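Participant: Let's see this in three dimensions:
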Amino acid sequence: KLKASDIYSDDSGSESEDNKSQGRRSSSSSSSSDVEEEEKKREREVVEVKYADTRDQINKLRLSRFKLERLVHLPFFSRVVQGCYVRIGIGNNNGNPVYR
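Facilitator: Numbers count the residues shown, from 1 in each chain. Below is the predicted model:
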């Protein structure tokens with residue numbers, strides 16, 4: 001859990017002391033702590049759920065295979081696709097495509 005002192009600096013200390021202590025940290029530990037802080041911020045954010053009311057709104061959310069191919073290797077992909085549905089074509093029935 002973060003403390004207020006972790007986020008906000010107090011005016012009593014000098015900035016040069018803070019810069020010296022932070023300057024000695026390696027870039028790998030700095031970047032990993034930045035990533036951890038971003039993840040904590042995302043967890044704290046309240047997500048407002050919005051439902052699609054019309055077919056047009058659903059069509060705007062649809063991703064083609066081409067778009068998925070570009071997104072599948074991005075780091076946020078597994079988090080974003082959780083809870084999504086996939087439509088798979090299984091053949092034709094009287095000339096109309098059938099999906100599951």
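
Participant: Report the residue spans of the chain with pLDDT below the cut-off.
Facilitator: Residue ranges of the chain with pLDDT under 70: 1-32.

Participant: quick one, strands of it?
Facilitator: 89-93, 96-99 (DSSP state E).

Participant: In JSON lines: these, plus mean neighbour count and distance to residue 39.
Facilitator: C-betas here are computed from N, CA, C, even on glycine. Formatted as JSON lines, these follow (neighbours: other CB atoms under 10 Å; distance: least, CB to CB, whole Å):
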{"stretch": "strand 89-93", "mean neighbour count": "9", "distance to residue 39": "37"}
{"stretch": "strand 96-99", "mean neighbour count": "9", "distance to residue 39": "36"}
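
Participant: In TSV, list the ones you listed along with distance to residue 72.
Facilitator: Converted to TSV, the strands of the chain look like this (distance: least, CB to CB, whole Å):
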stretch	distance to residue 72
strand 89-93	20
strand 96-99	21
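
Participant: and of these, who's closest to residue 38?
Facilitator: strand 96-99 (37.6 Å; CB to CB).

Participant: hang on, the earlier thing: so which of the strands of the chain comes closest to residue 46?
Facilitator: Per CB to CB, nearest to residue 46 of these: strand 96-99, 34.7 Å.
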